[in-house]
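K.L.:
For reference, the sequence and a predicted model appear below.
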Amino acid sequence: MTAFAVEHDNAVDTKPLPCGESCVHDGEIFAMGVPIGELIDNVSYVDMLFFQLQRRYPSDVERQVIDAYLVSLCEHGVTSPSTHGARVAASVRAPFAACAINFISAAMGPYHFGALECAMREIQHIADDIDDMEIYIDQVFERGDRVWGYGHRFHRSPNTTGLDENAARELQEHTDPRVRKLVELADQLGWDGKYLRTARNVGRALYARKRIPINIDGIAAGLLLDMGFDARAAMLFVMIGRLPNMARLYLEEQEETPNRFVALATNRDRDFRLTVDRTISGQRA
C-alpha cells in the first residue's frame with residue numbers, strides 16, 4: 001500500500017481480510033483464506049479488485065475513483081483499432097469470446113491501450129528517479145521519443161466553455177472529456193498523491209512546449225500508481241472497463257448483414273486507408 005493509500009484508508013470496514021491461501025474443497029471455496037460466502041453480497045466488485053491485487057480493501061475515495069475510471073473506459077465509439085477487430089469478427093459470426101479476444105489482442109499494443117502500462121512505468125520512473133523533469137523531457141524529445149500518457153488523435157482542442165481564470169491555466173487537462181471529469185473528481189476529493197501530481201506536472205510541461213495534452217492513460221496512470229497498483233496488471237482495467245462496450249457492439253452486429261466489412265489488404269493500394277461497409281457502399285460479396 002502506498003503512503004497515499006494509507007492516508008486515505010479511513011473507512012471503517014468489517015469485511016474479511018485475506019488470511020491464507022486460495023483453494024477449493026468439496027462444498028467450499030476459499031479466496032486467500034476467506035470463504036467465498038463471506039465475500040458474496042458483502043463486498044463490491046471494486047472491493048474485490050483491491051482484495052485480489054493488494055490484499056486489502058479500498059478507502060471510500062479510492063472506491064469512487066476506480067468506479068469512475070472504469071465508467072470512463074466504457075465508451076469511445078467505433079473508432080479504435082481494437083473495436084474494428086471485434087466488429088469484423090462479429091460480422092463473420094464468430095462467437096463473442098472470439099470478438100473479445102480480438103479486442104484484447106489489438107488493445108495490447110503500446111500505441112493503443114497498452115499505453116497505460118507504458119505510462120505507469122514512465123510516470124513512476126519520473127516521480128521516483130528523475131531529479132529534473134524538464135531536462136528529462138528535453139532529452140526524450142532530443143531522442144525523438146514520446147512521453148507515454150500524453151497526446152490523442154481525436155482529443156486535441158481544449159474545451160474552454162465555462163472555465164474560470166484558474167482552470168484556463170490547465171488547458172492541457174480539458175481536451176479529453178474523460179480527463180476533464182477525472183481531474184475534477186480528484187480535485188473535489190482532495191487527491192494529492194505523488195504520482196498524479198507528477199502526471200499533471202508533466203502534462204503542463206508538454207503542453208507548454210508542444211501543445212501535447214495529457215490523455216486518459218496519463219491521468220489513470222497517476223491515479224492507479226497512487227493506489228498501489230502494479231503496472232504489469234494495467235491491462236486488467238482496460239479489459240473490464242471496455243468489454244461491456246464490446247459485448248454491446250457484438251450484439252448489434254448480429255442484426256447486420258454478415259461479413260459486411262471490406263478491409264483492403266496492402267498499403268500499395270491507393271485506397272488502403274479506407275475500410276468499407278458493403279451494406280452502405282452497395283457492394284456485394
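P.N.:
On my side now, so go ahead. Residues are numbered from 1 along each chain as shown.
K.L.:
Please, where are all the strands along this protein?
P.N.:
23-25, 28-31, 34-35, 261-263, 275-277 (DSSP state E).
K.L.:
What is the longest helix anywhere in the chain packed up against?
P.N.:
In the chain, taking DSSP state H as the definition, the longest helix is helix 234-253. Here helix 234-253 touches helix 60-72, helix 81-91, helix 96-107, helix 115-129, helix 216-226, going by 3 or more CB pairs under 8 Å, 6 or more residues apart in numbering; DSSP states H and E. Every residue, glycine included, has its C-beta placed from N, CA and C.
K.L.:
Of those, give the one that comes closest to Asp145.
P.N.:
Closest to Asp145 of the helices and strands packed on helix 234-253, according to CB to CB: helix 115-129, at 10.1 Å.
K.L.:
For the closest one, the averaged confidence score.
P.N.:
The average pLDDT for helix 115-129 rounds to 95.
K.L.:
other SSEs contacting it?
P.N.:
Counting contacts by 3+ CB pairs under 8 Å, 6+ apart, helix 115-129 is packed against helix 194-210, helix 216-226, helix 234-253.
K.L.:
between those helices, which gets nearest to Ala89?
P.N.:
Of all those, it is helix 234-253 that lies closest to Ala89, at 8.3 Å by CB to CB.
K.L.:
Render the CA-only coordinates of the longest helix of the chain in PDB, please.
P.N.:
Provided in PDB are the C-alpha atoms of helix 234-253 (Å, rounded to 0.1, in the frame of the first residue of the first chain):
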ATOM      1  CA  ALA A 234      -2.600  -2.400 -16.100                       C
ATOM      2  CA  MET A 235      -4.500  -4.200 -19.000                       C
ATOM      3  CA  LEU A 236      -6.900  -5.600 -16.400                       C
ATOM      4  CA  PHE A 237      -8.600  -2.300 -16.100                       C
ATOM      5  CA  VAL A 238      -8.800  -1.800 -19.800                       C
ATOM      6  CA  MET A 239     -10.400  -5.200 -20.300                       C
ATOM      7  CA  ILE A 240     -13.000  -5.000 -17.600                       C
ATOM      8  CA  GLY A 241     -13.700  -1.300 -18.500                       C
ATOM      9  CA  ARG A 242     -14.200  -1.700 -22.200                       C
ATOM     10  CA  LEU A 243     -15.600  -5.300 -22.600                       C
ATOM     11  CA  PRO A 244     -19.200  -4.300 -21.800                       C
ATOM     12  CA  ASN A 245     -19.000  -2.000 -24.800                       C
ATOM     13  CA  MET A 246     -17.600  -4.800 -26.900                       C
ATOM     14  CA  ALA A 247     -20.500  -7.000 -25.900                       C
ATOM     15  CA  ARG A 248     -23.000  -4.400 -27.000                       C
ATOM     16  CA  LEU A 249     -21.300  -3.900 -30.300                       C
ATOM     17  CA  TYR A 250     -21.100  -7.700 -30.800                       C
ATOM     18  CA  LEU A 251     -24.900  -8.000 -30.200                       C
ATOM     19  CA  GLU A 252     -25.700  -5.000 -32.500                       C
ATOM     20  CA  GLU A 253     -23.600  -6.600 -35.300                       C
END
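K.L.:
Good, wrapping up.
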